[in-house]
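Student: Got a predicted structure here, sequence first:
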There are 2 protein chains.
Amino acid sequence: MGTIRYLEIADALRAAILAGEYAVGAQLPSESDLATRWSASRGTVRQAVATLAAEGLIGSRQGARRIVLRHERRHSFGELNSFAQWAEGLGQEVTSRFLSRVRRPATAEEAERLALAPDTGILAVVRLRLLDGEPTMVERTAYADWVAAAVEALPDDVRSVMDSLANESGIVAHYGEHLIDALGAGSEDARLLEIRRGSPLLRQRHVSATATGRPIEWTDDRYRAGSVTFSVSNSAVTTPLERRTGEG
Amino acid sequence: MGTIRYLEIADALRAAILAGEYAVGAQLPSESDLATRWSASRGTVRQAVATLAAEGLIGSRQGARRIVLRHERRHSFGELNSFAQWAEGLGQEVTSRFLSRVRRPATAEEAERLALAPDTGILAVVRLRLLDGEPTMVERTAYADWVAAAVEALPDDVRSVMDSLANESGIVAHYGEHLIDALGAGSEDARLLEIRRGSPLLRQRHVSATATGRPIEWTDDRYRAGSVTFSVSNSAVTTPLERRTGEG
DNA sequence: TAGTGGTCTAGACCACAAA
DNA sequence: TTGTGGTCTAGACCACTAT
């Protein structure tokens, strides 16, 4: 089947690392070892270990064996972009309270983030997300004009809009950009999350785009402080995280 | 010189993208085009474009040309790990108010994050960072026992501890892990940052490690809300960011 | 000095996209 | 159908680490 050699090797190595077969700091077998062991070429082995390096699990330096950096697995793209998918992976019960869904002209920021002409009609949706019954996050999403109809066709209580869009309309997110900062709860935030106005919130704004780079949605998610933490690992060669001034 | 072929190609492509020679969504030349144009093998060209893909600048899908996703450059590892280096890149004046520096036994969390035995002596340092004179961030760092002496040898008002450690002692950070969340200001935070207790703060905790994976420092940085934003870009293939429950 | 990862080549075949 | 990126091979030489 779709048995891709380097992914097989990467999966096996990842499984061994997550199972604790290598201590943090321990050395992995050499590339040539792995190549003979899997009867694969060195290039294929390198692709496998590059995958794990990109996941932050292992590190390498010229001349020395690769070393294990962490034991924890990394979440998938889907888990990052879909609250429902993430919560399910945790085994927590996720519910949604649907608050509003209106068509209106895009604000200047929405138009820019969605690469639309100013005042293009977008679909604005507000939802409250609960984890195990606890109000956890307020989600305000602007869907681009060209997906608005597909979103409106979904039932109000749909578990995951992005999952349903993928299944029903073939609209799939391939790229994302995330902006993370903190702010005080506004009055609507406070009422919905059952906290005081001005209480600290963790805000994650993100835009999802298709494989062709076309923006699908722009969302502003506000989490109660203490309910989630974002984690990023980096190295001198891969630096996915960036710090910016102000509110991005 | 250290003229590495694929980095040359990557640099040229990156420069062209940042200069706006390709619109967002525009297609890059094909791999074979680039290979002949640079008289390099296809493998080398692929390594170049993989570099840009890891930076989030371009995306790709089998069968179609690569496309440009963004025009902005990404910060370097150093800029992410060193507040001073980051602020300098912005052209803002960064000052530090030194608050305390004491040796004490590691807390349970510090010992774990630094991979030390419980109660090992660490060096705890607290600093207030100001941007253009504005109190912006409170930084609480625990340096591992084996670097404590080197840090103590530095002057109190050193611009960047990590830079100085690299220059003076050859201790260089190669890997980092970052945990980002929000919380309310404690009384010390509030006093130092000149805000009210409970005001929202953006917290970035991170551990830096050497090329061999040995943890150097564990820090808790708290930013005034609105002063910084973190940004991460991801794709279906590279997902460096992760969301976790609770406070990590 | 031997082992290891980093770079590079020149081919090959396949899966997928677009016309 | 043609072009494109994705996977894979079997070599080669170099830079660096470890001993």
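Tutor: Nice, I can see it.

Student: Where do the strands of chain A begin and end?
Tutor: Along chain A, counting by DSSP state E, strands occupy A:58-61, A:64-68, A:94-105, A:121-131, A:134-143, A:175-184, A:200-209, A:215-224, A:228-235, A:241-245.

Student: In JSON lines, list those strands along with mean neighbour count, distance to DNA strand D and mean pLDDT.
Tutor: From N, CA and C alone the C-beta is placed, and that goes for glycine too. Formatted as JSON lines, those follow (neighbours: other Cβ atoms under 10 Å in any protein chain shown; distance: least, Cβ to the nearest atom of the strand, whole Å; pLDDT from 0 to 100):
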{"stretch": "strand A:58-61", "mean neighbour count": "20", "distance to DNA strand D": "6", "mean pLDDT": "83"}
{"stretch": "strand A:64-68", "mean neighbour count": "18", "distance to DNA strand D": "4", "mean pLDDT": "87"}
{"stretch": "strand A:94-105", "mean neighbour count": "14", "distance to DNA strand D": "32", "mean pLDDT": "92"}
{"stretch": "strand A:121-131", "mean neighbour count": "19", "distance to DNA strand D": "31", "mean pLDDT": "94"}
{"stretch": "strand A:134-143", "mean neighbour count": "22", "distance to DNA strand D": "28", "mean pLDDT": "95"}
{"stretch": "strand A:175-184", "mean neighbour count": "23", "distance to DNA strand D": "13", "mean pLDDT": "88"}
{"stretch": "strand A:200-209", "mean neighbour count": "24", "distance to DNA strand D": "16", "mean pLDDT": "92"}
{"stretch": "strand A:215-224", "mean neighbour count": "23", "distance to DNA strand D": "21", "mean pLDDT": "94"}
{"stretch": "strand A:228-235", "mean neighbour count": "23", "distance to DNA strand D": "15", "mean pLDDT": "77"}
{"stretch": "strand A:241-245", "mean neighbour count": "20", "distance to DNA strand D": "23", "mean pLDDT": "49"}
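
Student: A:S169 is nearest to which of those strands?
Tutor: Across the strands of chain A, A:S169 has its closest neighbour in strand A:215-224 (10.6 Å, Cβ to Cβ).

Student: Give the partner strands of the closest one in its sheet and their orientations.
Tutor: Strands adjacent to strand A:215-224 in the sheet, as given by DSSP bridges, are strand A:134-143 (antiparallel), strand A:200-209 (antiparallel).

Student: got these as a markdown table, with distance to B:I195 columns?
Tutor: Listed next are the strands paired with strand A:215-224 as a markdown table, based on distance: least, Cβ to Cβ, whole Å:
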| stretch | distance to B:I195 |
| --- | --- |
| strand A:134-143 | 23 |
| strand A:200-209 | 11 |
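
Student: wait, which of the ones you listed is closest to A:L179?
Tutor: Among the strands paired with strand A:215-224, the nearest to A:L179 by Cβ to Cβ is strand A:200-209 (4.5 Å).

Student: now that closest one against strand A:175-184, angle please.
Tutor: 160 degrees (axes from the mean of the first three to the mean of the last three Cα atoms, to 10 degrees).

Student: from the middle of its chain, how far away would strand A:200-209 be?
Tutor: Centre-to-centre, strand A:200-209 and its host chain are 10 Å apart (Cα atoms, centre = their mean, to the nearest Å).

Student: Just the CA trace of that strand, in PDB.
Tutor: What follows is strand A:200-209, C-alpha atoms only, in PDB (Å, rounded to 0.1, in the frame of the first residue of the first chain):
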ATOM      1  CA  PRO A 200      -6.300  37.200  32.000                       C
ATOM      2  CA  LEU A 201      -7.000  35.400  28.800                       C
ATOM      3  CA  LEU A 202      -4.700  33.600  26.400                       C
ATOM      4  CA  ARG A 203      -5.500  34.500  22.800                       C
ATOM      5  CA  GLN A 204      -4.700  32.400  19.800                       C
ATOM      6  CA  ARG A 205      -5.600  34.000  16.500                       C
ATOM      7  CA  HIS A 206      -5.000  32.000  13.400                       C
ATOM      8  CA  VAL A 207      -5.700  31.900   9.700                       C
ATOM      9  CA  SER A 208      -6.100  28.600   7.900                       C
ATOM     10  CA  ALA A 209      -5.400  28.200   4.200                       C
END
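
Student: Return the residues in contact with A:L193.
Tutor: A:L128, A:P135, A:T136, A:M137, A:V138, A:A185, A:S199, A:L201, A:R222, A:R224 (Cβ atoms under 8 Å, 6 or more residues apart in numbering or on different chains).

Student: Is there a neighbour count for A:A190? I'd like the number.
Tutor: 17 (other Cβ atoms under 10 Å in any protein chain shown).

Student: So what sits opposite the residue nearest to A:A87 when sequence neighbours are not counted in the bridge?
Tutor: Excluding its sequence neighbours, the residue lying closest to A:A87 (Cβ to Cβ, 6 or more residues apart in numbering or on different chains) is A:V94, at 3.7 Å. Beta bridges link A:V94 to A:L131, judged by DSSP bridges.

Student: surely A:A16 meets A:A23?
Tutor: No. Using Cβ atoms under 8 Å, A:A16 makes no contact with A:A23, being 11.7 Å away.

Student: Compute the number of surrounding residues for A:E72.
Tutor: Residues near A:E72, counting by other Cβ under 10 Å, number 15.

Student: Distance to DNA strand C for the strands paired with strand A:215-224 - can I get that in CSV?
Tutor: Below are those laid out as CSV (distance: least, Cβ to the nearest atom of the strand, whole Å):
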stretch, distance to DNA strand C
strand A:134-143, 22
strand A:200-209, 14
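
Student: domain parsing for chain A?
Tutor: With automatic domain parsing as the criterion, the domains of chain A are listed as A:5-68, A:77-224.

Student: what's the first-to-last distance across the first one?
Tutor: Translated: domain A:5-68. In domain A:5-68, first residue to last residue: 22 Å (Cα to Cα, to the nearest Å).

Student: Can that domain be said to contact chain B?
Tutor: Yes. Against chain B, domain A:5-68 shows contacts by Cβ under 8 Å from any Cβ of the partner chain at A:V24, A:G25, A:A54, A:G56, A:G59, A:R61, A:A64, A:I67, A:V68.
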